[in-house]
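>>> build the 3D model from these lines:
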Amino acid sequence: MIETVVRFFQEGGIFMYPIAVVLALGLAIAIERYIYLTVTKGANRQAFDVGVLPLLRKRDYKTALKYATQSTTAIGAIMSAGLARLVNQQTREDIEYALEEGLMETLPRLEKRTQYLATLANVSTLLGLLGTIIGLIAAFTAVANADPAEKASLLSQSISVAMNTTAFGLMAAIPLLLMHAVLQTKTNEIVDSFEMAGVKFLNIISDQTPDK
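Numbering: from 1, shown residues only. This is a model prediction of the structure:
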């Protein structure tokens with residue numbers, strides 16, 4: 001199995017190496033993003049459901065603001081923006097704007113580097129096609145100067161080797177695209193949870209006046 005993989009890689013030509021680099025880079029990004037998003041999702045759920053939400057229901061807004069401000073989570077930053085205006089007795093509309101601003105500031109950290117995976121998948125595919133084209137050009141050039149009896153065999157072998165590059169490019173692109181879809185879904189789930197938290201926050205404070 002290993003020998004087959006090594007032979008396949010060696011027969012693909014020089015373009016197999018940049019494709020391998022693209023694949024390794026994409027895998028590193030995907031693993032880092034997956035861990036980050038998983039940890040972020042759990043930490044934010046814990047901070048809101050266990051920390052902020054019970055205090056909101058008790059109408060202890062000042063303590064909730066202190067907790068959210070001290071929290072290192074994204075939901076803490078979003079809630080602290082809204083709670084700061086709530087404690088200052090600003091309007092519901094101002095509080096909504098503060099929550100939206102906090103969410104917009106958080107989004108870039110969630111989406112960071114994820115879009116690179118789609119780009120790397122396209123790059124690996126194009127590198128595979130480029131390697132195949134260059135390999136075919138070299139193959140036809142070699143066949144032109146070969147013995148007529150060997151031309152068919154030589155051409156068939158050369159085309160097979162050239163196609164290895166395209167195959168490897170696709171083998172790198174497909175998992176990168178799948179990982180991009182998975183990470184995008186996890187990011188959307190986190191954003192949806194932030195929006196739901198904002199809705200719960202606004203519903204709880206409706207028709208309530210913060211304690212002085």
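>>> contacts only, for the residue nearest the centre of the chain.
Centroid-nearest residue in the chain: residue 114, 2.7 Å away (criterion: CA atoms, centre = their mean). Each residue near residue 114 by CB atoms under 8 Å, 6 or more residues apart in numbering is listed here: 29, 33, 180, 183, 184, 187. In short, each C-beta sits where N, CA and C put it, glycine included.
>>> what helix or strand is the fourth one on?
To tie it back to what came earlier, the one meant is residue 183. helix 151-205 (DSSP states H and E).
>>> what mean pLDDT does that helix have?
Regarding helix 151-205, the rounded mean pLDDT is 87.
>>> what do you get for stretch 60-71?
Here the average pLDDT along stretch 60-71 is 89.
>>> which parts of the protein are helices?
2-11, 16-46, 53-57, 61-70, 74-87, 92-111, 114-144, 151-205 (DSSP state H).
>>> send the alpha carbons of the first one over as PDB?
What that stands for is helix 2-11. Output in PDB follows, covering the C-alpha atoms of helix 2-11 (Å, rounded to 0.1, in the frame of the first residue of the first chain):
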ATOM      1  CA  ILE A   2       2.700   2.400   1.000                       C
ATOM      2  CA  GLU A   3       4.900   1.400  -2.000                       C
ATOM      3  CA  THR A   4       1.900   2.100  -4.300                       C
ATOM      4  CA  VAL A   5       1.300   5.500  -2.800                       C
ATOM      5  CA  VAL A   6       5.000   6.400  -3.000                       C
ATOM      6  CA  ARG A   7       5.200   5.200  -6.600                       C
ATOM      7  CA  PHE A   8       2.100   7.100  -7.500                       C
ATOM      8  CA  PHE A   9       3.600  10.200  -6.000                       C
ATOM      9  CA  GLN A  10       6.900   9.800  -7.700                       C
ATOM     10  CA  GLU A  11       5.400   9.200 -11.200                       C
END
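>>> other residues contacting that helix?
Contacts for helix 2-11 (CB under 8 Å, 6+ apart): 16, 20, 161, 164, 168.
>>> relative orientation of that helix and helix 151-205 in degrees?
100 degrees (axes from the mean of the first three to the mean of the last three CA atoms, to 10 degrees).
>>> for helix 2-11, buried residues please.
Neighbour-count burial for helix 2-11, counted by 16 or more other CB atoms under 10 Å, picks out residue 11.
>>> averaged pLDDT, it. What do you get?
On average, helix 2-11 scores 73.
>>> just the shortest one next, same as before
Across helix 53-57, pLDDT averages out at 88.
>>> nearest to residue 202 among the contacts of helix 2-11?
residue 20 (50.4 Å; CB to CB).
>>> check that closest one and give its pLDDT.
At residue 20, pLDDT is 92.
>>> ok, now which ones touch it?
9, 168, 172.
>>> dump those to TSV, plus distance to residue 52.
Shown next, in TSV, are the contacts of residue 20 (distance: CB to CB, whole Å):
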residue	distance to residue 52
9	52
168	49
172	43
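>>> now the helix holding residue 183: how far from the chain's centre is it?
Relative to its parent chain, helix 151-205 has a centroid offset of 9 Å by CA atoms, centre = their mean, to the nearest Å.
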